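K.L.:
coordinates only, sequence not included:
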C-alpha cells in the first residue's frame, strides 16, 4: 500500500476504523495513550482563551485540555466525519458541548482568521498531513503571537534495539490485532507505513525551525517511540 496515495483519502481510512478506534488505541498502547495525552496537555500554558485541537479524532485530547483547565474553549478539527461523530457523542455525554466545538477541515486549509488561537495541539496527526509544510504554516498563521504549539507524535525510530522491538509489535502484532477487531487491517497497515515514512524527531525539529517556529524542543516518552514537541510563534 502506498502511504502517499492513502494520505489522499485519509478521511476514508479513519472513517473505516472509527467505531473501534478508542478501544484499539487503549488496547494496543497498553493504555499508555492516556498518559501521553496528559503529558501533552501539561505542556500547554495554564491559561488560554481558545485552543485549536487539530486531527482531533474522537476528541480525547480536546477533552483533556478542558479537564486540565488549560482553556476556556477548544475547537476540534478533523477530516474524518466518522471520528467527529464519535467525538460529538462523547462530548455531549460529558456535557462539554458549550466548551468544545467540532468542525470538519484539513490542516492545509484552515478556515480561521489569522491570530485566532492561543495554542494548538495535535495528537498523532502531523504524520498524516498531506502537505506538511503548508499545514505547519497554516498552524502558524492561526496562532497568536507567542502562542504555543504542542505535538504528540510517533517519530521515525532511530535506536536499533527500539526499532527492532517496534517492528515486531507495530508491524506484526498491531495489524493482526487491528484486523481481527476492526476488520480493517489495511487501515492499521497504513498507520505503520505513515510512521515509517515520517521524519525523525531531529528532522521534525529542524522542519519547525526552518518554518520560523521559535523555542523548538521535544521530550521523549516510552523509550523514544513517542515524542512531544513544543514550540511557539
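P.N.:
Structure received. As the structure is a prediction and not an experimental result, all values here were calculated from the model. Numbering: from 1, shown residues only.
K.L.:
Can you show me the strands along this protein?
P.N.:
Along the chain, counting by DSSP state E, strands occupy 50-54, 73-78, 100-104, 117-123, 143-153, 214-221, 226-232.
K.L.:
Listing partners with orientation, what would you give for the fourth one?
P.N.:
Which is strand 117-123. Taking DSSP bridges as the criterion, strand 117-123 sits next to strand 50-54 (parallel), strand 143-153 (parallel) in its sheet.
K.L.:
what residues does it touch?
P.N.:
36-37, 40-41, 44-45, 48-57, 60-62, 65, 70-71, 75, 139, 142-144, 147-153 (C-beta atoms under 8 Å, 6 or more residues apart in numbering). Every C-beta, even on glycine, is put in place using the N, C-alpha and C of the backbone.
K.L.:
quick one, it and strand 73-78 angle?
P.N.:
Angle, strand 117-123 to strand 73-78, by axes from the mean of the first three to the mean of the last three C-alpha atoms, to 10 degrees: 40 degrees.
K.L.:
Pull out the buried positions in stretch 125-142.
P.N.:
125-129, 132, 135-136, 138-140, 142 (16 or more other C-beta atoms under 10 Å).
K.L.:
what does stretch 46-65 give?
P.N.:
Across stretch 46-65, burial judged by 16+ other C-beta under 10 Å covers 48, 50-65.
K.L.:
chain center to that stretch, what's the gap?
P.N.:
10 Å (C-alpha atoms, centre = their mean, to the nearest Å).
K.L.:
Repeat that for stretch 78-87.
P.N.:
13 Å.
K.L.:
any idea of the mean pLDDT for that stretch?
P.N.:
Stretch 78-87 comes out with an average pLDDT of 93.
K.L.:
can you pull the contacts of residue 54?
P.N.:
77-78, 107, 120-122, 125, 139.
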